[in-house]
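>>> would you be able to build a 3D model of this:
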Amino acid sequence: MKNEVVISDVTVVGGGLAGISAAIAAARLGRKVALVHNRPVLGGNSSSEVRVWVCGATGHGVNRYARETGIMGELFIENQYRNPEGNPYLWDLTLLEAVRAEPNLELFLNTDVREAEADGEMDARVIRSVTGWMMGSERLIRFESEVFLDCTGDGLVGFLAGAAYRLGREARHEYDEDWAPEVADDITLGSTLLFYTKDVGKPVRFVAPSFAKDITTTSIPLKRVIRSGDSGCHYWWIEWGGELDTVLENERIRDELWSVIYGIWDYIKNSGQFDAETMTLEWVGSLPGKREYRRFLGDTVLTQNDILAQRPFEDRVAFGGWSIDLHPPQGMYASESGSKHLHADGIYHIPFGSLYSRNVNNLLFAGRNVSATHVAFGTTRVMATCAVMGEAAGVGAALAVIKGVTPRQLRERHLADIQQAMLKSDASIIGLRNEDEADLARLGSVSASSTMAKIRLDQVVGEYPLTADFGVLLPLEGKSAGKLELLVSASERAELVVEVWDTGRAENYVPATLKSSAKAIVEAGTRQWVAIPVERDGVGESGSNIFIIVRANEKISLFKSAVPLTGVLAFERGVLSKVSSDLEDHQPDQPIVEWSMKRLVRQPFCVAFETEAYAAEKVIDGYARPYGGPHSWASEPMAKERSEWVEVRLAALAEVSEIHLTFNDDVNEDLINLHHHETPFAVIPELAKDYDLEAWVGGEWRKLAQEQGNRKRKKVHRLTESVATDRVRLVVHATNGSDRAELIELRVY
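As a prediction, this is how the structure comes out:
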């Protein structure tokens, strides 16, 4: 046996997506980081050992413009390109390479932390070290750091250090949550095992093991969806253990889940009710995917009411958007729905005060153990949201070390530093703009080769009868009154009724308040443009979205556009996409459920509308994702052999050494790491593919950098030698499929 000591600035325990993001974030800020994980592969519940889909704020396409950026966004985009089939082993590889790419980060796999040394009073404890045993190597390793992050999920490090925590469900009166029980209890969400199936093309027998459960003697077939050909997370509902201690009873829970998996497969193979003769089991999990255990107490406890009100915390550092998704304590044996869902009208905000301990001075945490009530935890627990919280906690840990303060002091004295550091690295904080005083572009002026001044989507891909109400989201920009044009057909003379609504909040994409209504007579005929006056006064400030509702009329049809455009979305009313009403309770009176875009992704309706939302100035307006508008420059359609450019003229001559570019990767596109769905493209089409960076030097443009085959959203170009210039421009030669050049943000340092 070998005894070792590893000294670093930050120690992160737990290599799930929260821990990975935290470790990478701290390392990128120049801190020496140790990432300690007790499994042979990274990824936690998303890894090949458990195989859970990485879900987040998009809610599988329920929320609009909600996909995560920053480190989680990088992982999504990389996996989309190299692993479109959703191979879980290639996802493992994507995560491993992301960690190994950081020179300041040292990875310790198969290292189980089981001791923590901490001292001080109970209200002001300090962790000195944690000790882990590296399995298979007989190495006992002591990790010493100034700051520790508990990303273990179960919260073991914080527990060993004496951090205050909560387990189970709070009583309703504690935080006035109407989804909480009347009386507090120890009930949690249960654990799940998954399995994969495969069609081998020839008959395969299955002999059930002796411990397989006869599921026909249980309530499972009555309320759960069992189908031949489903596998993986389609069986998320194989859940149990919520009435037990999911850590102490982990072995018992695993055995029960195994008995049900093999019982379900016996039912599918041998009951005669399914077409499964040539199907076999390809993989069965052995490591229960835990949903819930300890939740630490921070200076802020996130609640159901914070989620639904979309409370804009002053110290917000991340966002979520998954529904509040709670499951019955009995799990798969419950007689009620397998899940019930409560949605806000859009994304919600997560405060930094929920990511550090209220009584351990140098402990931060991220993942499913953050400071939230059981009800609020029902949404924060999904892994992409855990990852963005991890990035925020990692930034906080690094800055706490750099500034020599505790996380609480960092929040109280240096909040803007946390938020601006995250925005600089493209980790989104919704509603906050770039205020980095070092960014020379902020005070500059912008021009471009061309700018799209009018939305005109006229390439038809299909007709869409107005059998129900439909919606169109458009970016309102400019102060003059305008008109909306819709491409329609009418079987006979008919009246078209159109309403203009605001969205209530800049981060929302649902109709909130009716502002005006207009009617137009449509004559019988096909593919005719109909003009509808749009009164812009009173709709909202210039730079907001409007939600156009087109009322149902079976005599009229709209047309879908073959060409998508950031800032324009289409919606259909009353189309709820879910597996089963028995399995999922989504309460369809919620606006974000009532108005769905799932069947119209990247296929808006054919419309024409004047707007200034795509002006060149958007690249320095401080926003790096849609927020009350697209916040992106877009050129006119690119002609053959003609490049498009956007230029920033600085306020004064300066020595430029670093340029940041943020391209449009369509954060409305719902990406997934495994087998939920596959996009029809390997790279987001709107991303610039081939481009040059140039600076005006000595009366001519000098090429600073050249990129070919780009497929990333955020590109940082660090020059080998600084350049004295007052003009910097991006020249786009080709995109990854879009007919326009687009850029969200340009920073100059």
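>>> that's a helix at residue 74, yeah?
Yes - Residue 74 forms part of a helix when assessed by DSSP: H, G, I helix; E, B strand; the rest coil.
>>> that one: neighbour count?
Residue 74 has 20 neighbouring residues, counting by other Cβ atoms under 10 Å. All C-beta atoms are positioned from the backbone trio N, CA, C, and that covers glycine.
>>> one more: the one 5 residues further on?
Around residue 79 sit 23 other residues, with neighbours defined as other Cβ under 10 Å.
>>> where in the stretch 601-749 of the chain is pLDDT low?
In the prediction, the stretch 601-749 of the chain carries no residues with pLDDT under 70.
>>> the bottom helix or strand of the protein by mean pLDDT?
None of the helices or strands of the chain scores lower by mean pLDDT, DSSP states H and E than strand 584-585, at a mean of 73.
>>> what residues does it touch?
Outside strand 584-585, the residues that touch it by Cβ atoms under 8 Å, 6 or more residues apart in numbering are 337-341, 578.
>>> which one of the residues you listed is nearest to residue 693?
Among these, residue 341 lies closest to residue 693 (Cβ to Cβ), at 45.4 Å.
>>> secondary structure element for the closest one, which one?
Using DSSP states H and E, residue 341 maps to strand 339-342.
>>> ditto for residue 402
With the criterion set as DSSP H and E, the secondary-structure element containing residue 402 is helix 383-403.
>>> next SSE after the strand holding residue 341?
Using DSSP H and E, the helix or strand that follows strand 339-342 in sequence is strand 348-351.
>>> would you turn the contacts of strand 584-585 into JSON lines with pLDDT and distance to residue 496?
Compiled in JSON lines, the contacts of strand 584-585 are given as follows (pLDDT from 0 to 100; distance: Cβ to Cβ, whole Å):
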{"residue": "337", "pLDDT": "87", "distance to residue 496": "39"}
{"residue": "338", "pLDDT": "90", "distance to residue 496": "42"}
{"residue": "339", "pLDDT": "92", "distance to residue 496": "39"}
{"residue": "340", "pLDDT": "92", "distance to residue 496": "38"}
{"residue": "341", "pLDDT": "93", "distance to residue 496": "34"}
{"residue": "578", "pLDDT": "53", "distance to residue 496": "31"}
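>>> residues contacting residue 243?
Here residue 243 is in contact with 187, 329-330 (criterion: Cβ under 8 Å, 6+ apart).
>>> by contact count, what packs against the strand holding residue 341?
Using 3 or more Cβ pairs under 8 Å, 6 or more residues apart in numbering; DSSP states H and E as the contact test, the elements touching strand 339-342 are strand 324-326, strand 584-585.
>>> and the residue nearest to residue 16 when sequence neighbours are not counted, how close does it get to residue 267?
Nearest in space to residue 16, with sequence neighbours left out and distances taken as Cβ to Cβ, 6 or more residues apart in numbering, is residue 44 at 2.5 Å. Distance, residue 44 to residue 267, by Cβ to Cβ, to the nearest Å: 30 Å.
>>> just want to know which of these two has more residues nearby.
The neighbour count for residue 44 versus residue 267, taken as other Cβ under 10 Å, is higher for residue 44 (30 against 21).
>>> give the buried residues for stretch 264-271.
Residues of stretch 264-271 classed as buried by neighbour count (16 or more other Cβ atoms under 10 Å): 264-269.
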